[in-house]
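1. only the shape, not the letters, is given here:
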């Protein structure tokens, strides 16, 4: 069965510290992988996706097929990074919608 | 960029009544739209996929007679919660598949998802 795991429900780090939000997936084939972010009182928005290999707001994510992981990282956290982060693999090519992880609430302390 | 407008943002209704939620693509045509449900402090759960001009595909465990989805045009999909009960109270979010730019060799990845701002439904 397709499954995505975000083991940390809550992650609190100090401003300027490195951040890593974990995501592991269990999917057949090679899914495309997304990270979505939801800031307080705002809609879900795309943070980054594997195929584009872009770094957005200082975040990067490396796909490790051996470990089936797509952890999200940022070397120096900023207060405005506080938000809910969702990992979402997609094996349907845009036809089947996304399966979201349970999300990690990231809190950046000043 | 692509914008999805969802209305209403909040609605309170009485048990037994029906509520309609609209999801519109403002500056693009959305052949495929998705409806999600989010329980408090939980993740989003895909309820159904709607394709313009055809019947929606529901995920396992989602009652199609309770959650009626209509996608009659390329810019509008609606979700109607029929005979609402308090346990239907939730946050409902729509999303549309969008086409994105990209190299021809990655054509299969030239898509994305844009989300509406959600509807908070409270059934009393």
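-> Happy to help now that I have it. Note that the structure is a prediction, hence the values are computed from the model and not measured.

2. all contacts plus neighbour counts: C-alpha atoms, from now on.
-> Noted.

3. what's near enough to touch residue B:81?
-> By C-alpha atoms under 8 Å, 6 or more residues apart in numbering or on different chains, the contact set of residue B:81 is B:18, B:19, B:20, B:66, B:67, B:68.

4. repeat the analysis, applying 10 Å as the threshold.
-> B:16-21, B:64-69, B:88, B:121 (C-alpha atoms under 10 Å, 6 or more residues apart in numbering or on different chains).

5. same thing with residue A:26?
-> Here residue A:26 is in contact with A:1, A:2, A:3, A:4, A:5, A:67, A:68, A:69, A:89 (criterion: C-alpha under 10 Å, 6+ apart).

6. out of those residues, which is most surrounded?
-> residue A:89 (28 neighbours; other C-alpha atoms under 10 Å in any protein chain shown).

7. pLDDT score assigned to residue 53?
-> No chain specified, so I'll use chain A. Residue A:53 is assigned a pLDDT of 72 by the prediction.

8. wrong one, I was asking about chain B
-> As predicted, residue B:53 sits at a pLDDT of 87.

9. now do the strands in chain A.
-> A:3-5, A:10-14, A:19-21, A:24-26, A:32-38, A:45-49, A:60-64, A:69-74, A:83-90, A:104-109 (DSSP state E).

10. pick the most deeply packed of those.
-> strand A:83-90 (a mean of 25; mean count of other C-alpha atoms under 10 Å in any protein chain shown).

11. that one packs against which elements?
-> Counting contacts by 3 or more C-alpha pairs under 10 Å, 6 or more residues apart in numbering or on different chains; DSSP states H and E, strand A:83-90 is packed against strand A:3-5, strand A:19-21, strand A:24-26, strand A:32-38, strand A:45-49, strand A:69-74, strand A:104-109.

12. mean confidence score for that strand?
-> 94.

13. tell me what residue B:113 is bridged to.
-> Using DSSP bridges, the bridge partners assigned to residue B:113 are residue B:97.

14. where does the chain have low pLDDT?
-> Chain wasn't specified; assuming chain A. Applying pLDDT under 70 to the predicted model, the residue ranges of chain A that meet it are A:1.

15. actually chain B
-> Counting by pLDDT under 70, the ranges of chain B that qualify are B:101-109.

16. returning to what we had before: quick one: which of the contacts of residue B:81 sit in strands?
-> Secondary structure from DSSP E places B:19, B:20, B:21, B:67, B:68, B:69, B:121 of the contacts of residue B:81 in strands.

17. how near is the closest residue to the second one other than its chain neighbours to residue B:60?
-> Ranked by C-alpha to C-alpha, 6 or more residues apart in numbering or on different chains and with sequence neighbours excluded, the top spatial neighbour of residue B:20 is residue B:80, at 4.2 Å. Relative to residue B:60, residue B:80 is positioned 18 Å away (criterion: C-alpha to C-alpha, to the nearest Å).
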